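Participant: what's the 3D shape of this:
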Amino acid sequence: MADYVRALEPITTPSQLERTKGIIRQFSSANGLGPKLHQYLLDKREAEDNWAYNYWLNDMYMDIRIPLPINSNPGMVLPPMRFVTVHDVARFAARIIDGIMQHKELLDSGSLPIERTASREKNQPLCMAQFYRLLGSCRRPGVDRDSQF
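Facilitator: Predicted coordinates for the structure are as follows:
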């Protein structure tokens, strides 16, 4: 909380800062919500591999009622292409599909290399689960929340 206050100092008025400090004291007190939330997250950390995953999955995908392909799915940016004939378009599409299938083969064989951090905690392995879900699952519609299949 001290870091939070330090971050606020240059961007708040003195009265705003004092009000915020009061809210922080209440939040952080033994009877406040802060210690309870902190303990909840510690418990989740012990019980789950990735405590944030289900929150993210539901918020970004399963609770959304809009089409995912254009609203929240990952996309790809390619350099500008100049197609002269329909055969050029077909050849390009075939290369994209071939690349996706090669990537899927890496996933299915379990030989996708683990990505690692390059900064802060150098060389720590990153969670690769999202790669395996990308081409290996789909969303099944539900009444209140969709599910993953």
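
Participant: so in this structure, where's the weakest helix or strand by average pLDDT?
Facilitator: Here the helix or strand of the chain ranked lowest by mean pLDDT, DSSP states H and E is helix 68-71, holding a mean of 75.

Participant: the helix or strand harbouring residue 24 packs against which elements?
Facilitator: Secondary structure from DSSP states H and E places residue 24 in helix 14-28. Here helix 14-28 is seen to pack against helix 2-8, helix 33-47 when contacts are counted using 3 or more Cβ pairs under 8 Å, 6 or more residues apart in numbering; DSSP states H and E. Using the backbone N, CA and C atoms, a C-beta is placed for each residue, glycine as well.

Participant: tabulate those helices (TSV), appending mean neighbour count and distance to residue 98.
Facilitator: As requested, the helices and strands packed on helix 14-28 are exported to TSV (neighbours: other Cβ atoms under 10 Å; distance: least, Cβ to Cβ, whole Å):
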stretch	mean neighbour count	distance to residue 98
helix 2-8	10	48
helix 33-47	11	41
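
Participant: same list, the ones you listed, but as a markdown table with distance to residue 105 please.
Facilitator: Below are the helices and strands packed on helix 14-28 laid out as a markdown table (distance: least, Cβ to Cβ, whole Å):
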| stretch | distance to residue 105 |
| --- | --- |
| helix 2-8 | 45 |
| helix 33-47 | 34 |
